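> What would the 3D arrangement of this be:
(2 chains)
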2 protein chains.
Amino acid sequence: MAAAIALSRRGRGLSTPNPNVGCIIVRDGHIVGRGWTQKGGRPHAEAQALEQALDRAHGACCYVTLEPCFHLSPRGPRCADLLARAGVARVVIALRDPDPRTDGQGAAWLRERGIAVDMGLMAEDAARAMAGFVLGQTLGRPHVTLKLALSLDGQIALADGSSRWITGSQARAHAHMERARHDAILIGGGTLRADAPRLDVRIAGLEERSPRRILLSRGEAPDGWERISAPGDISTLDRVDHLLVEGGAATAAAFLRAGLVDRLMLYRAPILVGAGLAGVGDIGLTDLSEAHGRWRLIDERRLGVDGLEVYEAVRTA
Amino acid sequence: MAAAIALSRRGRGLSTPNPNVGCIIVRDGHIVGRGWTQKGGRPHAEAQALEQALDRAHGACCYVTLEPCFHLSPRGPRCADLLARAGVARVVIALRDPDPRTDGQGAAWLRERGIAVDMGLMAEDAARAMAGFVLGQTLGRPHVTLKLALSLDGQIALADGSSRWITGSQARAHAHMERARHDAILIGGGTLRADAPRLDVRIAGLEERSPRRILLSRGEAPDGWERISAPGDISTLDRVDHLLVEGGAATAAAFLRAGLVDRLMLYRAPILVGAGLAGVGDIGLTDLSEAHGRWRLIDERRLGVDGLEVYEAVRTA
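Residues are numbered from 1 along each chain as shown, chains lettered A, B, ... in the order given. The predicted structure follows:
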């Protein structure tokens, strides 16, 4: 299942309007098919894996990160049906499909056809890999990552606004790779006016993965940009599962105040800036005790001399 | 030698006016004596280790983090002489003594007596463990550690000044332990007025290790405090090898501007504060490129949910 989850990540930022599912088909201890949801959402991961496996799928075990779809669509076949027709013996599912059109029916249908079905294996990891889809189904909005490139003392620029560069080349390349994993990038009007960033993916071979550009502003958006006027409007963005918020401080604070940041990516350079521009504006905090317990470290690594820390919002039910 | 360096750290914040040396005596593969410079500087590490070893020192190998002293003192014997009288066969030294009264003469005198002498093993680590003594000899000032307890976004308090607590209990206990390793702690007048901190070591059994308290201010110091009016005056502090600067932002910036911070200890809590009080004030930076290459990460660890990063100033010759 870990391999299927890894495959599912390949579809991030590409597979909308469909979830970025990963699928592995195993027969007699060998992988006979691998698939992930393709650009624009078709083919589905299962369909692609079955196409590789051909008749070796008969009697095989299928590992898939999301319950196979059961609802009819004019865009392609139902995966539950495809798997049954191919004669797989067992289907191991990480996450039950929260889409009400499937929501357990895919698994039930497979079981009715005599196929063994297990559900829940590595469900948390799978949900993280498909976070945009899951949030879309449950909260009706994209998954939001706030990215900040900070000095040790939390500054994103000198007082005059100059920010080239806080972090080094490895961290910047990593950040470009991260852009390619998102459907859209959002910045505020201040950053647009100050930096006029291109927000594209400057990695050879991945230029086409440059995400859509969105401006948080009450003013007009330039050509080629979309615009929203408040963080809450992200739910109106069509076909955006994963949104990357890149700043500046007022935009970061607006999303944090609205409780609309799911993940923090902090690139940290080993420099001190002193009295510059802070990375995060007023988030309305009045009591330090309220700041605690909100963020859980899920990844950290060194990128050259810089550090990267990734935090996930702790959701209390 | 690593064991001798570890022993030497026990004398940090205690051994002034003498360097915090560590010493191990090994005979036939067994440690027969261990010593470190005691409170107030006597006995020296070698004397203590020899006292444990007794006649087993004869023919033994002595590992010592600093060249054994050769100059006469009314306060105790010369260690080079002690080692020769004890009949050790070999002396392995990490760091040549920068004190001009010894400065190679201890090693030369041992060699003249037929004792094998090696110098330079793990010299860099030994110098780091005795950094206060080394800086005192070379620059005539204490070793300065700047400690900051920061949120992810570099804040040390809310805008109203409240800072209890940014970090959790494990990080605060670690910071108290660090106090015990320093001869003195310094804060600025603003922090004194706002927080009236006791700056003591609140760890059971270590209360007596509470360091001297120093105020950076042009005004008067309260009873029990010493005072300096500018960072450069740290060279006038008597018997301070290791100085811990605990803030606030103006004091941190004053030491950074003066180039008088040798080590940064950053305790980092997984919280966001937003528009609060930044940890570092104006350090006079006008060009981001000048901020790079100044700090090298030498240690990082987790302390409960908090992180600790330790950086060392990169000195360019």
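
> can we go C-alpha only for contacts and neighbour counts from here?
OK.

> any low-confidence regions in the stretch 101-250 of chain A?
For the stretch 101-250 of chain A, no stretch has pLDDT under 70.

> what about the longest helix in chain A?
Scanning chain A for the longest helix, with DSSP state H as the assignment, gives helix A:169-180.

> if you look at that one, does any of it touch chain B?
No - residues of helix A:169-180 are not located near chain B by CA under 8 Å from any CA of the partner chain, the shortest gap being 12.8 Å.

> Identify the residues contacting that helix?
Under the criterion CA atoms under 8 Å, 6 or more residues apart in numbering or on different chains, residues A:13, A:185, A:200-203, A:206, A:209-211, A:244, A:267, A:303-304, A:306-308 lie in contact with helix A:169-180.

> Distance check, the residue located most distally from the centre of chain A against A:L243.
Of all residues in chain A, A:G114 has its C-alpha farthest from the mean position, at 34.7 Å, by CA atoms, centre = their mean. Distance, A:G114 to A:L243, using CA to CA, to the nearest Å: 41 Å.

> and if you look at A:C62?
Going from A:C62 to A:L243 by CA to CA gives 31 Å.

> cool, and A:Q105?
30 Å.

> for A:A116, same thing?
Computed as CA to CA, the A:A116 to A:L243 distance reads 37 Å.

> Please apply the same query to A:L264.
Counting by CA to CA, the gap from A:L264 to A:L243 is 12 Å.

> now A:L158
From A:L158 across to A:L243, the span is 27 Å (CA to CA).

> More neighbours: which of the two?
A:L243 (28 against 20; other CA atoms under 10 Å in any protein chain shown).

> Just grab the bridge partners of the more buried one for me.
A:V144, A:A184 (DSSP bridges).

> dump the residue contacts of it.
For A:L243, the contacting residues are A:P142, A:H143, A:V144, A:T145, A:H182, A:D183, A:A184, A:I185, A:L186, by CA under 8 Å, 6+ apart.

> what residues does stretch A:222-234 touch?
By CA under 8 Å, 6+ apart, stretch A:222-234 touches A:141-142, A:212-218, A:220-221, A:254-255, A:258, A:260.

> quick one, helices of chain A?
Secondary structure of chain A by DSSP H: the helices cover A:2-9, A:45-53, A:79-86, A:105-112, A:123-129, A:131-138, A:169-180, A:189-195, A:249-257.

> quick one: the longest helix of chain A to chain centroid distance?
15 Å (CA atoms, centre = their mean, to the nearest Å).

> So which bits of it are buried?
A:A171, A:R172, A:A175, A:H176, A:M177, A:E178, A:R179, A:A180 (16 or more other CA atoms under 10 Å in any protein chain shown).

> Next: stretch A:306-317.
Going by neighbour count (16+ other CA under 10 Å), the buried part of stretch A:306-317 is A:D306, A:G307, A:L308, A:E309, A:V310, A:Y311, A:E312, A:A313.

> cool, and stretch A:6-26?
By 16+ other CA under 10 Å, the buried positions in stretch A:6-26 come out as A:6-16, A:18-26.

> distance between the ends of that stretch?
Stretch A:6-26: ends 16 Å apart by CA to CA.

> tell me the mean pLDDT for that stretch?
In this model, stretch A:6-26 has a mean pLDDT of 93.

> Over to stretch A:62-70?
The average pLDDT for stretch A:62-70 rounds to 95.

> Report the closest residue of the stretch 101-250 of chain A relative to chain B.
The stretch 101-250 of chain A approaches chain B most closely through A:G154 (4.1 Å), counting by CA to the nearest CA.

> Contact partners for A:R257?
By CA under 8 Å, 6+ apart, the neighbours of A:R257 are A:I283, A:G284.

> Near chain B, which residues of the stretch 101-250 of chain A? Just list them.
Residues of the stretch 101-250 of chain A lying near chain B (CA under 8 Å from any CA): A:L150, A:L152, A:D153, A:G154, A:Q155, A:L158, A:S162, A:S163, A:R164, A:W165, A:I166.

> Number of residues surrounding A:G284?
Neighbours of A:G284 (other CA under 10 Å): 13.

> Equivalent analysis for the one 10 residues further on, please.
Neighbours of A:R294 under the rule other CA under 10 Å: 15.

> do A:A269 as well
26.

> try A:V64
Neighbour tally, A:V64, other CA under 10 Å: 32.

> again with A:G274
Using other CA under 10 Å, A:G274 has 29 neighbouring residues.

> And for A:L72?
12.

> Any figure for the gap between it and B:G276?
Distance, A:L72 to B:G276, by CA to CA: 53 Å.

> Please apply the same query to A:D223.
Noted for A:D223: a distance of 37 Å to B:G276, by CA to CA.

> More neighbours: which of the two?
More neighbours surround B:G276 than the other of A:D223 and B:G276, with 26 against 6 (other CA under 10 Å).

> For that one, list the residues it contacts.
Contacts of B:G276 by CA under 8 Å, 6+ apart are A:D282, B:Q155, B:I156, B:A157, B:L158, B:A159, B:D160, B:G161.

> Next up, the contacts around the nearest residue to A:L148 once chain neighbours are set aside.
Among residues not flanking A:L148 along the chain, A:L266 sits closest, at 5.1 Å (CA to CA, 6 or more residues apart in numbering or on different chains). Contacts for A:L266 (CA under 8 Å, 6+ apart) come out as A:K147, A:L148, A:A149, A:L150, A:G307, A:L308, A:E309, A:V310.

> do A:A269 as well
A:A149, A:L150, A:S151, A:L152, A:I166, A:T167, A:G168, A:V305, A:D306, A:G307.

> Tell me what it is bridged to.
Bridge pairing for A:A269 (DSSP bridges) gives the partners A:S151.

> Please report how far it lies from A:P231.
Per CA to CA, A:A269 is found 28 Å from A:P231.

> follow-up on the earlier one: so which of the buried residues of stretch A:306-317 belong to strands?
Counting by DSSP state E, the members of those that fall within strands are A:D306, A:G307, A:L308, A:E309, A:V310, A:Y311, A:E312, A:A313.

> Looking at those, spot the one nearest chain B.
The closest of those to chain B turns out to be A:Y311 (CA to the nearest CA; 8.3 Å).
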